[in-house]
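**Q** When you get a sec, could you give me coordinates for this:
(chains A and B)
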Amino acid sequence: MSALVEIRDLWIEGRSDEVWSPIINGASLTLNKGEVLGLIGESGAGKSTLGLAAMGFTRDGVRISKGSVMFDGIDLIAASAAKKRDLLGKRIAYVAQSAAASFNPAHKLIDQHTEGPVQHGVMSRAESMKDGIELYRRLRLPNPDQIGFRYPHQVSGGQLQRAMTAMAMSCRPDLIIFDEPTTALDVTTQIEVLASIRDIVEQFDTAAIYITHDLAVVAQMADRIKVLLKGDEVEEADTRTMLAHPKEEYTKSLWAVRAFERPQKPAVHTSATPVVSVQNVSAAYGKIPVLHNVSFDIHEGRTVAVVGESGSGKSTTARCITGLLPPTHGVIEFDGKALPANYKSRSKDQLRQAQMIYQMADTALNPRTTIGDIIGRPVQFYMGLTGKQKRRRVEELLDEIELPAAQYIDRLPSELSGGQKQRIGIARALAAEPKFIICDEVTSALDQLVAEGILKLLARLQDDLKLSYMFITHDLATVKAIADEVVVMKDGEVVEQGPKQDMFVPPHHPYTDLLLSSVPEMDPDWLTNLLNERGVDNIGDAAVDKMS
Amino acid sequence: MSTLPTLALILLGIAAGGWVLRFAGQKATGNAPTFRDMPFAVAFGYVLGASLVVFSVWYFFQPTITDAGVPNAGVVFFRWAVQFFLLSAVAAYLFRALGRMIGTRGSKKLFRQMPLTASFGLLIVILYALTAIFAAWLAPYGQEAVFAKVNVLPGGNPATGGDPLHPLGTDQIGRDLLSRLIYGAQNTVGIAFITTCLAFFLGGTLGFLAATLQGWLDQILSRAVDVLMAIPSLIFALLLMTIASAWAGSERWLLTVYMILIIAVIDSTRVFRLARAVGLNIVVMDYIEAAKLRGEGLGYLIFKEILPNATAPLLAEFGLRFCFVFLTIASLSFLGVGIQPPLADWGTMVRDSAQFINFAAFSPLTAALPLLAAGAIALLTVGVNFVVDWMLHRSSGLKE
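**A** Just a heads-up that it's a prediction; the model follows:
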């Protein structure tokens, strides 16, 4: 059987600062009909660029300098624009990472769905509409007859992602490129999207390139896996072979990331005063209540992980603790003393003691301020250090977060990588010499290896400085790695809380169970087994809905 | 032949030319991607552009005087425009080359990355600034000096009605136009600059304040601004100037102060809107939240956290706003309530000689009189915009 896609020795360059620099260095790839290839790598590995190149497409400022891309005997690099227009959408389709940003908000789903088939003359509008509803049904979208007549903002993220997959399927293409389709979704929703994508690709015998940075996800989806690192191919093998016996060091290091786990610390003496105590806190945005009676304690030198899906009230709890959202009911105690509800009425010292690290380092650091000034400001503001003393302290702090001071102190945030920016966020929090730090999804925007580095850094700082953390996350692997105690939240309520070791051992609350079992594992049969065990109706949104 | 069918015929010819160009290109290059994937509109554009260039060159070399002995005004003005354009391009190129050779390392790097438009704009701005500052030394006569020779034409050639002592001629009451143009730079540009700065100080501060504090202060300020913006600005300014001229009485300089205040307040409403909108986008950032939670005061938030991130849009607005203020002052002066005589001002100069434009067809030199002051206004507007575009491009990292 001849290959559907054949990429030979492909070199791709990108233009930045007036120079062409390499993005892909001589990649080769073969994809047979009906086969799913997983492309994995960290950000900047060139996996999206390679995926798009398989469509004969390059982004602006990017060019193919050498090599060939053959699709079913057609040379896509030499093909005319008209020829490519005919192929794209009809025989090759693309599913983007953010469905919410990729749908046109001004048109109904079904109208966008029918556009491709009608344009390519595959079906009439009426036929395509009927077919779209059938596809929605196969993708197990709720209410398939009507959902197409909604606007993109009226359906949930997971449903939108499936609607986009249906749209890609509308012309029954031979090849679909999935570019991180589930990265922006919650675990419980992700599962459902994964299951539907896998089913439909199998049903229509479509070949697919599945791009992701999540190994566990790719293990479920792909027949073969290809690992990329900075534009170079590291290795390629069958999914099972790759998972069982990775050859290269880099691949092994990717596999090992999930092994990082801190030993559980001994339980705290019950009479000890907690550093932070959240007592019966309820809060509301305007008249809409979002938190109900939330209580938990955080002790010195301990990490409490607050887990839940988006909208469960994790970040709102953090806003209550920092005083940005005064609770309607309940108190926050710090070292046994009640804190004023609004941050404006807290003293400078109370503000200093509780610091925050943000999810998006990009928006958390002022882009017009140098690293030295970002970290130096709290040093000056709280400690009153100026001039040389201030600079020395900033250098100490940069040492603390393992960045060479001389090299970084005068840089702007834009000249740093994502992981480095997050480290600067940590240094800014440390500069206040706090007792307690809120970490709001600090690793969720980072690559796995980088995230592991940040977690290890936080763990070390905790041991050195006796810090207490409140760790907000939706990623249970992170919880496993760093938490001492876990608080599970759902719809603004605490569903379950306790030490970590109890949390990962049954019996637990059904919602915790759902969360735990929804985390993809590195076993290629995990999804199949889970579906067999629970049935398709007991995963994802449906299962969450049943719980409430 | 009437105009419309001719035009249609020309466009049809160009369309055919575009098709031929693409076809010939495909054949000549063996179907290279440039020609193969070229949309028809692009080919049409190439042929249209080429036709215009050919027409311009042909028109440029037409005789300036027709066989009947009447000056061919169209050709004369076209030649002036082209010559001025080429001269500007050369001046801008030389200025950039100079900047690349002398100066510090930083400034050399700046000039290396500078597009030609920006270097032209910068040159214009520097020349205007120098003229404004050294007006008293540069001008051959005082701005109020009256000579016995009225309506001398520009050019300095006695054969065409000029006078070597007055290279740009004199106005109806015999004042030297070159001197008045130079002093006009001082008056018009200087006052416009002060007014714009004032408008930005007012609008910017209040806008950021409204964005940061929000609540009732924002409501009061925004609604007040809405009310001011609801009145057409030029008519509003005229109305206020009429009142102000009654207050000022015989104190002419007081009227100028009133004008600065009135235009600053009216224009600050636009700045307020922009500063508030930009500010609102910045206050929701996490670094603002971090600063608030640190316990920082309002001053630090506005000047250290918000302002540095708002400079790019504000700078762009400054350039535009400066031009608008400048044009408003010129308009007010043109209408007679702006900068008061005997102070030289470009708007007034255009008004005084406006009727000469009617002579364009018979005597291009006479028609050039109002064009001198109007051109001075236009040139600065263009120059400032070029510089602002470039600064915006640099500071925001926008790609074209």
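**Q** tell me the SS of A:F471?
**A** Three-state assignment for A:F471 (DSSP: H, G, I helix; E, B strand; the rest coil): strand.
**Q** Count the neighbours of B:L52 for me.
**A** With neighbours defined by other CB atoms under 10 Å in any protein chain shown, the count for B:L52 comes to 11. Quick note: C-beta positions are derived from backbone N, CA and C, even for glycine.
**Q** got the buried residues for the helix or strand containing it?
**A** Element membership for B:L52, per DSSP states H and E: helix B:40-60. By 16 or more other CB atoms under 10 Å in any protein chain shown, the buried positions in helix B:40-60 come out as B:43-44, B:46-48.
**Q** swap in stretch A:406-417?
**A** A:408-409, A:413, A:416.
**Q** Looking at those residues, which one is closest to B:A368?
**A** A:P413 (54.6 Å; CB to CB).
**Q** ok, the closest one - contacts?
**A** Shown in contact with A:P413 (CB atoms under 8 Å, 6 or more residues apart in numbering or on different chains): A:361-362, A:365-367, A:369, A:371, A:374, A:421, A:424.
**Q** and chain B, which of these contact it?
**A** Among the contacts of A:P413, the residues within reach of chain B (CB under 8 Å from any CB of the partner chain) are A:365-367, A:369.
**Q** Give the residue spans of the stretch 301-400 of chain B that score low on pLDDT.
**A** In the predicted model of the stretch 301-400 of chain B, residues B:395-400 satisfy pLDDT under 70.
**Q** can you pull out the helices in the stretch 1-150 of chain A?
**A** With DSSP state H, counting those that start in this stretch as the criterion, the stretch 1-150 of chain A has helices at A:47-53, A:81-87, A:99-102, A:109-120, A:125-138, A:144-147.
**Q** which residues are in contact with the second one?
**A** Same thing as helix A:81-87. Helix A:81-87 is contacted by residues A:56-57, A:71, A:74, A:76, A:79, A:120, B:36-37 when judged by CB under 8 Å, 6+ apart.
**Q** secondary structure class for the closest residue to A:V307 other than its chain neighbours?
**A** Leaving out its chain neighbours, the residue that sits closest to A:V307 by CB to CB, 6 or more residues apart in numbering or on different chains is A:V488, at 5.1 Å. Assigned by three-state DSSP, the conformation of A:V488 is strand.
**Q** How many residues are close by A:V488?
**A** 24.
**Q** residues in the stretch 201-350 of chain A within reach of chain B, list them.
**A** Residues of the stretch 201-350 of chain A lying near chain B (CB under 8 Å from any CB): A:322-324, A:343, A:346, A:348.
**Q** Swap in 10 Å and give it another go.
**A** Residues of the stretch 201-350 of chain A found near chain B (CB under 10 Å from any CB of the partner chain) are A:319, A:322-324, A:343-344, A:346-350.
**Q** Could you dump the residues you listed into a markdown table and include secondary structure?
**A** Formatted as a markdown table, these follow (three-state DSSP):
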| residue | secondary structure |
| --- | --- |
| A:R319 | helix |
| A:T322 | helix |
| A:G323 | coil |
| A:L324 | coil |
| A:Y343 | helix |
| A:K344 | helix |
| A:R346 | coil |
| A:S347 | coil |
| A:K348 | helix |
| A:D349 | helix |
| A:Q350 | helix |
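**Q** Show me which of those residues are buried.
**A** Using 16+ other CB under 10 Å as the burial test, these include A:319, A:322-324, A:343, A:346, A:350 as buried.
**Q** Could you export these to a markdown table, including columns for pLDDT?
**A** Shown next, in a markdown table, are these (pLDDT from 0 to 100):
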| residue | pLDDT |
| --- | --- |
| A:R319 | 90 |
| A:T322 | 91 |
| A:G323 | 90 |
| A:L324 | 89 |
| A:Y343 | 89 |
| A:R346 | 90 |
| A:Q350 | 90 |
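**Q** follow-up on the earlier one: what pLDDT does the residue nearest to A:V307 get?
**A** Per-residue pLDDT puts A:V488 at 89.
**Q** before we move on, what about the one 5 residues further on?
**A** As summarised for this prediction, A:E493 has a pLDDT of 88.
**Q** Count the residues that sit near it.
**A** 16.
**Q** Backbone dihedrals for it, please?
**A** Dihedral pair for A:E493: phi -120, psi 150, per degrees, to the nearest 10.
**Q** ok, it - contacts?
**A** By CB atoms under 10 Å, 6 or more residues apart in numbering or on different chains, the contact set of A:E493 is A:282, A:291-294, A:308, A:312-313, A:511.
**Q** Neighbour-wise, which one of the ones next to chain B among the contacts of A:P413 leads?
**A** Neighbour-wise, the ones next to chain B among the contacts of A:P413 (other CB under 10 Å) top out at A:L365, 26 neighbours.
**Q** For that residue, which non-adjacent residue is closest in space?
**A** A:P413 (4.2 Å).
**Q** which parts of the stretch 251-400 of chain B sit against chain A?
**A** B:282, B:284-296, B:300, B:304-312, B:395, B:397, B:399.
**Q** Any chance of a PyMOL selection covering the buried ones in the residues you listed?
**A** Buried members of these, identified by 16+ other CB under 10 Å, are gathered into one PyMOL selection as follows:
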select buried, chain B and resi 282+285+286+287+288+289+290+291+292+293+294+295+296+304+305+306+307+309+310+311+312
